[in-house]
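J.: quick one, what's the 3D model for this:
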Amino acid sequence: MKNTWNVALAACVGAVAGFAIGQHVTTKNASPIRPAAAQGNPTPSAAPAGADQIYKVALGDSPQQGDNDAKVTIVEWSDFQCPFCGRVIETLHQVEKNYGSDVRVIFKQNPLPMHPNAPYAAKASLAAQKQGKFWPMHDKLFEANNSRQPDALAQTKVDDMARAIGLDMDKFQKDVSSPEVAQIIRDDQSQAQKLGANGTPHFFINGARISGAQQYEAFKSIVDAQMKRANQVLASGVSRSNLYETLVKDGLTAPAPQAQQPQREPPPQARNVDPGDGPAIGGKKPKVTIVEWSDFQCPFCSRVEPTLKQIRDTYKDDVKLVWRNEPLPMHPNAMPAAKAAMAAAKQGKFWQMHDLMFAHQTELSEARYEEWAKQVGVDVAKWKADKDSPEIAAAITKDSSYGQSVGADGTPAFFVNGKFISGAAPFENFKAIIDDQLKKADELLKKGTSQDDLYKTIVADNVKSAPSAPAAAAAPSPDQKFDVQAGSSPSRGPKNAPVTIVEWSDFQCPFCGLVEPTLKQVMDQYPGKVRIVWKNQPLPSHPNAMPAAEAAMAAYEQGNDKFWALHDKFFENQTALAPAFYETAAKDAGVDLSKWKSSVEGHRSQASILADMTAGSALGASGTPTFFINGHKLVGAMPFDSFKQVIDAELASKVAHK
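T.: All right, here's what the predicted structure looks like:
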């Protein structure tokens, strides 16, 4: 998925917040923690922004692992189908191993609406709890989550897990469907909502908040601070049995009020979208046309497929679904899969191929495409020729380019009679718009609008009546300025340049790769006048981002030029990121390999990377790429003109003040 959270900014979202229910970028209040200047040796214990506030979190009868008298209590809100929740499991195990009986973990349920198998998994875990086996079930469910198999948490497989851990299946089936279990989940979610813990995973460590699949060091910084606090309270005479209640008794029961009321998310934006002549399924004379931009390797595209089937089953000939291709750069199998499917479309077999690809998403490969092509009954020789033809490659590129132009630069993206829906939204989100559009269509047809003109007429009306685009997509405001420290981070350009661009970036983020030619253009157009400073913001959603950052920063220990040599190699070969490639790139850059390996294996750069991430989050740079041009914020893979506007204004200001 390129960007289910915010398609307007063309930036990878900082998944340090895990999955947000709303699936949109939100700007959080800056914490009182000041951004750390990356000078000297940054402390590895820098706490995540907001961790200095304590919340009063009730434990209830939720499942617990660890001693009642533990000094530190970690309350976790989680979702068994959330990939970030699965990713953080190893970090929690590391916390438990290193702190032993001083830490306990409390588990709370928050199955998110975009995860269709999460509610049953949550109920199954609670049914297992009633037989004293919550944690074995918890481990089985997350083992399945981490397998990344599309149906790993299907109900039948969850039932098999229950049998495998020795549950009484008659009692399990009764409990899993009981109103009591459903109420526990509702209560957990209600508590999460009141505390502002609307994404997963979300943690409160002795009441101190930490959000998302953070690195171990982020947890350690808070656990260490809370351990110290607990020891002080115990020294004052409080008993271990009353420790947790004492630590949180004066905590917040809800997030602090905003200085400004946040703007409401606008209604779905409408855009004049041409359905094109690509593969379509549904009614021949539809009242509602859904144009979908999708990617065969995107897990969110796969996740929304049952919803799209439900739409077709519910509305039958009243709805037509049109497919348009958007193979994302971070998905190496997406473009080949798109070519294979579009070659099948040439023989009228697109949807059969489509269904097989999504049913076997983890198996995408050239061998499987040919196997599926034979299975759906195409002429394989013709299919192979079409698959490799410039015509199909051009058609896919045209789809992708047109999608970008109408704002569909994330997958999946939908336009329902022109009304925009982003991401793997639930059926209800589509239903509300479809029902409204059916009424409009019926009214227009009654007034004499022809079927041939219906789509064009209704889209034009939707565009006309749509609210203006969100302010977040507007050009940067020149009067907003942030205090951003360049520190001793890697940089290009003279240190005394009149304009400094500080960039928070991620080597695996496709948008960070897309903006690289623009940054080169900036340096070429403004020789000697611009310096670019690199800051690390490796996102948890990108498994190769942190290792790549460590590899690049290990090279930086041997010189600024060595860092940029690896930087350029990594972005030129973004899909090849892997340990063997890092070493090859380091060798090509001329580093001392033994010293470089020692740094990488010893994770010597993690402290400075964490300091970058903390400083970036405090400035609101939790998405990548984010730039500060002499303190003026610019978010996303913006075009050259957006940079030029701010740079020219800054240069003019420098001249005016001489």
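
J.: for the rest of this, base every contact and every neighbour count on C-alpha atoms.
T.: Fine.

J.: what ranges do the helices span in the stretch 351-500 of the chain?
T.: Using DSSP state H, counting those that start in this stretch, the helices of the stretch 351-500 of the chain run over 366-376, 380-387, 390-406, 427-446, 451-465.

J.: need those in a markdown table with mean neighbour count, mean pLDDT and distance to residue 341, can you?
T.: Converted to a markdown table, the helices of the stretch 351-500 of the chain look like this (neighbours: other CA atoms under 10 Å; pLDDT from 0 to 100; distance: least, CA to CA, whole Å):
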| stretch | mean neighbour count | mean pLDDT | distance to residue 341 |
| --- | --- | --- | --- |
| helix 366-376 | 16 | 95 | 8 |
| helix 380-387 | 16 | 96 | 8 |
| helix 390-406 | 16 | 84 | 10 |
| helix 427-446 | 15 | 94 | 26 |
| helix 451-465 | 17 | 92 | 27 |
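
J.: select, out of those helices, the one closest to residue 188.
T.: For residue 188, the closest of the helices of the stretch 351-500 of the chain is helix 427-446, at 22.5 Å, according to CA to CA.

J.: and the closest one, what does it pack against?
T.: Identification of packing neighbours for helix 427-446 by 3 or more CA pairs under 8 Å, 6 or more residues apart in numbering; DSSP states H and E yields strand 288-294, helix 305-315, helix 451-465.

J.: may I see these organised as JSON lines, with distance to residue 168 added?
T.: Conversion of those to JSON lines gives the following (distance: least, CA to CA, whole Å):
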{"stretch": "strand 288-294", "distance to residue 168": "43"}
{"stretch": "helix 305-315", "distance to residue 168": "31"}
{"stretch": "helix 451-465", "distance to residue 168": "55"}
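
J.: nearest to residue 122, of these?
T.: Smallest distance to residue 122 across the helices and strands packed on helix 427-446 (CA to CA): 19.9 Å, for helix 305-315.

J.: can you check what angle separates the closest one from helix 427-446?
T.: 40 degrees (axes from the mean of the first three to the mean of the last three CA atoms, to 10 degrees).

J.: so what touches helix 305-315?
T.: Residues from elsewhere that reach helix 305-315 (CA atoms under 8 Å, 6 or more residues apart in numbering): 282, 319, 320, 426, 427, 431.

J.: in a strand, that's where residue 75 is, yeah?
T.: Yes. Applying DSSP: H, G, I helix; E, B strand; the rest coil, one finds residue 75 inside a strand.

J.: wait, it touches residue 109, no?
T.: No. Proximity of residue 75 to residue 109 does not meet the contact threshold set by CA atoms under 8 Å, at 10.6 Å.

J.: let me know the outermost residue of this structure.
T.: Computed with CA atoms, centre = their mean, the residue of the chain farthest from its C-alpha average is residue 448, at 45.7 Å.

J.: now that residue: how far from residue 306?
T.: To residue 306, residue 448 is 35 Å away according to CA to CA, to the nearest Å.

J.: one more: residue 138?
T.: Counting by CA to CA - residue 138 and residue 306 are separated by 25 Å.

J.: what about the two, which has more around it?
T.: Between residue 138 and residue 306, counting by other CA atoms under 10 Å, residue 138 is the more crowded of the two (19 against 13).

J.: just the pLDDT at that one, thanks.
T.: For residue 138, the model assigns a pLDDT of 97.

J.: run through who's touching the helix or strand where residue 534 lies.
T.: Using DSSP states H and E, residue 534 falls within strand 530-536. Applying CA under 8 Å, 6+ apart, the contact partners of strand 530-536 are 486, 489-495, 497-506, 522-523, 549, 609, 612-613.

J.: make it 6 Å
T.: With contact meaning CA atoms under 6 Å, 6 or more residues apart in numbering, strand 530-536 is reached by 490-494, 497, 499-505, 609, 612.

J.: next: stretch 564-578.
T.: 513, 552, 589.

J.: mutual contacts of residue 75 and residue 109, please.
T.: Counting by CA under 6 Å, 6+ apart, residue 75 and residue 109 have no contacts in common.

J.: the nearest residue to residue 195 once chain neighbours are set aside: neighbouring residues, count only.
T.: In space, and not counting its chain neighbours, residue 195 is closest to residue 254: 4.7 Å by CA to CA, 6 or more residues apart in numbering. Neighbours of residue 254 under the rule other CA under 10 Å: 16.

J.: tell me the confidence at residue 254?
T.: Note for residue 254: predicted pLDDT of 82.

J.: quick check: which element contains it?
T.: Counting by DSSP H and E, residue 254 is part of no helix or strand.

J.: residue contacts, residue 301?
T.: Counted by CA under 6 Å, 6+ apart, residue 301 has contacts residue 412.

J.: so where does it fall, helix or strand?
T.: Counting by DSSP H and E, residue 301 is found in helix 299-303.

J.: do you know how far residue 161 is from residue 334?
T.: Distance from residue 161 to residue 334, by CA to CA: 32 Å.

J.: more neighbours, those two?
T.: Using other CA under 10 Å, the more surrounded residue of residue 161 and residue 334 is residue 334, with 22 against 19.

J.: and that one, what does it touch?
T.: The neighbourhood of residue 334, defined by CA under 6 Å, 6+ apart, consists of 295, 296, 297, 327.

J.: again with residue 490
T.: Applying CA under 6 Å, 6+ apart to residue 490 gives the contacts 533, 534, 560.

J.: no further queries at this time; thank you.
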